[in-house]
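**Q** Any chance you can model this:
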Amino acid sequence: TNGGISLGTTPTGSTLSIQNLTSQKQINLIDSTGLTLDFWNANGQATSTQLGGGSGTWSNTNAAWTDANADVTLAMQPLPGFAIFGGTPGTVTVDDSAGAVTTTGMQFASSGYTLTGGTLTLDGNGGAAPIIRVGDGNSASASWTATIDNVLAGSAGLDKTD
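**A** Numbering: from 1, shown residues only. Reported below is the predicted structural model:
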């Protein structure tokens, strides 16, 4: 698994894993210590080697999220989680009719996503401002874009990175 890559000794209390996206020729070291990562999978195409993505509805009840290994597809679990949008970009419609749609932060790991629709509540993780990250840390992603066309609610502010 993971192309023969394994983690050696890691810091006590850390939650590290390897995500080997062979279709994208990318290996990610995922540190989910202190937060839950939710990967957008509205198109149902996520596997252990590629991100899903696509257009769909983000609500508290819609099963459009998966974990880093694409083992399950559920509504965001737990609420709130950290939202990662990758794979095929699309339009994500926030539907807050079943309750406030809340996230501890977001990363757009593909260019071209658009969020629209209802209010999106940003909830700081442990008092820190929620991170909104556009890009994946490499120089090619410096020109990536994401559009958030929602009312943003919450009192923790936001920290835009990448």
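**Q** What strands flank the lengthiest strand in the chain, and is each parallel or antiparallel?
**A** Counting by DSSP state E, the longest strand found in the chain is strand 101-108. Here strand 101-108 is paired, per DSSP bridges, with strand 81-85 (parallel), strand 120-122 (parallel), strand 131-134 (parallel).
**Q** Nearest to D96 among those would be which one?
**A** strand 120-122 (8.0 Å; Cβ to Cβ). Where C-beta positions appear, they are placed from N, C-alpha and C, glycine not excepted.
**Q** so how far is that closest one off the chain centroid?
**A** Remark: strand 120-122 is offset 14 Å from the chain centroid, using Cα atoms, centre = their mean, to the nearest Å.
**Q** now swap in stretch 62-71 and tell me
**A** 10 Å.
**Q** Quote the end-to-end distance of it.
**A** 17 Å (Cα to Cα, to the nearest Å).
**Q** what's the average pLDDT for it?
**A** The pLDDT scores in stretch 62-71 average 89.
**Q** same check, this time on stretch 110-127
**A** The predicted model assigns stretch 110-127 a mean pLDDT of 93.
**Q** picking up where we left off before, and the longest strand of the chain, how far out from the chain middle?
**A** 7 Å.
**Q** and if you look at stretch 131-142?
**A** For stretch 131-142, the distance to the chain centre is 13 Å (Cα atoms, centre = their mean).
**Q** what residue ranges in this protein are flagged as low confidence?
**A** 1-5, 7, 10-11, 13-35 (pLDDT under 70).
**Q** Centre-most residue in this protein?
**A** Note on the chain: the residue nearest the mean C-alpha position is I84, at 1.1 Å, using Cα atoms, centre = their mean.
**Q** In contact with it: list those residues for me.
**A** Neighbouring residues of I84 by Cβ atoms under 8 Å, 6 or more residues apart in numbering: L37, D38, F39, W40, L51, M106, Q107, A109.
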